[in-house]
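Undergrad: need coordinates for the below:
(one chain, ligands or ions: 1)
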Amino acid sequence: MPFRAAGVIGWPIFQSRSPAIHNYWMGKYGIPGTYIAMPVQPGRVGPALRGLAALGFAGCNVTLPHKERAAEIVDTIDAVGQRTGAVNLIVVQPDGSLSGFNKDCYGFIESVREQEPLWRAAGGPAVVLGAGGAARSVVLALMDEGSTEIRLINRTHGRTEQLAALVGGPVRVLHWGDREAALAGATMVVNTTNQGMIGQPALELRLHDLPANAVVCDIIYNPLETPLLGAARARGNRVVDGLGMLLHQARPAFEAWFGVSPEITAELRTSIEATLR
Ligand SMILES: NC(=O)c1ccc[n+]([C@@H]2O[C@H](COP(=O)([O-])OP(=O)(O)OC[C@H]3O[C@@H](n4cnc5c(N)ncnc54)[C@H](OP(=O)(O)O)[C@@H]3O)[C@@H](O)[C@H]2O)c1
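TA: Numbering: from 1, shown residues only. I've put the predicted structure just below:
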């Protein structure tokens, strides 16, 4: 098998755990090659992606802040990428053209399925906090999974209106000041803001109106246990951490590049967890 390369573009990129995930799988499945973090400045995404074929890359992942720009550059784009206007996976085709995919929706839902197999989207309202790029993927994933009511709340209200218009479906736009009242009757809450991430303050959200049987998800994975997840766990709610989403979106990428469907082993999860705060 020829030596293969893949990587992730982002800015900044030093914090990415994707190299550790893909290099673990390359070793486990005996694929000769490497996966690297590539710092690509805003404004340089086009030249960077167009260089992939000549550099012998099988493809790359795309992370903040480049997912939307990459969606404009690729030659073909999958249905989820079209609906979100963002791609996080690029595959270099044999003719050098670039195929773009969005696997964040898949990663989020697979992580929920793995960590909370009894949860059903149609079981009741979901509350999504945030209206950035990740929120788009989470809202679409919940819709496709059968959610009948998604209560969407963001600090900057105009972005919730834009996201609701983009995705359509059963999205109810609420105001940031109403976020605690919005928890009443919910069966799931998802934090897609950056609040609670390492270097950021905790998300300000008291959970007293949240039913005890609701599942609380945070897509932040560093720290693994955000203040929100800690508070939810302390009052008896079940929780889904953000590392599962990262691991599950990586699986179809690895398979698309190297033809092997990789396993998320306990050893892999533990090794990534050991690098988190
Ligand atoms: N686990 C995974 O695989 C995965 C994948 C993607 C993203 N993520 C994580 O998800 C988070 C969001 O990513 P993104 O791509 O959606 O980023 P983004 O597009 O920059 O969106 C950031 C979101 O955070 C909100 N926010 C920022 N500061 C806030 C504050 N002080 N109070 C309340 N809300 C605030 C923003 O609200 P405004 O609109 O008001 O600014 C916006 O909704 C990041 O922590 C990222 O690491 C995880």
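Undergrad: and the helix ranked longest in the chain, average pLDDT?
TA: For the chain, the longest helix by residue count, based on DSSP state H, is helix 243-258. Helix 243-258 carries an average pLDDT of 98.
Undergrad: can you name the next helix or strand after it?
TA: Proceeding N to C from helix 243-258, the next assigned helix or strand is helix 266-273, under DSSP states H and E.
Undergrad: show me where the stretch 151-277 of the chain has helices.
TA: Along the stretch 151-277 of the chain, counting by DSSP state H, counting those that start in this stretch, helices occupy 157-167, 227-234, 243-258, 266-273.
Undergrad: tell me the most buried of those?
TA: Neighbour counts (mean count of other CB atoms under 10 Å) averaged over each of those peak at helix 243-258, with a mean of 22. From N, CA and C alone the C-beta is placed, and that goes for glycine too.
Undergrad: ok, the closest residue in space to residue 116 that isn't next to it in sequence - contacts?
TA: Using CB to CB, 6 or more residues apart in numbering and skipping residues adjacent in sequence, the residue nearest residue 116 is residue 215, 5.1 Å away. Residue 215 makes contact with 112, 116, 119, 187-189, 237-240, according to CB atoms under 8 Å, 6 or more residues apart in numbering.
Undergrad: same question, residue 18
TA: 8, 35, 37, 61, 63, 246, 250.
Undergrad: now the nearest residue to residue 63 once chain neighbours are set aside: phi and psi?
TA: Sequence neighbours aside, residue 10 is the residue nearest to residue 63 in space, at 3.8 Å (criterion: CB to CB, 6+ apart). Note on residue 10: backbone dihedrals following degrees, to the nearest 10 are phi -170, psi 170.
Undergrad: now residue 10: how far from the ligand?
TA: 10 Å (CB to the nearest ligand atom, to the nearest Å).
Undergrad: near the spatially closest residue to residue 193 that is not a sequence neighbour, how many other residues are there?
TA: Of all residues not flanking residue 193 in the chain, residue 130 sits nearest, at 4.0 Å (CB to CB, 6+ apart). Per other CB atoms under 10 Å, the neighbour tally for residue 130 reads 25.
Undergrad: contact partners for the most centrally placed residue in the chain?
TA: The centre of the chain sits closest to residue 104, judged by CA atoms, centre = their mean, with a distance of 4.2 Å. If you count contacts by CB under 8 Å, 6+ apart, residue 104 has them with 84, 86, 88, 134, 137, 141, 245, 249.
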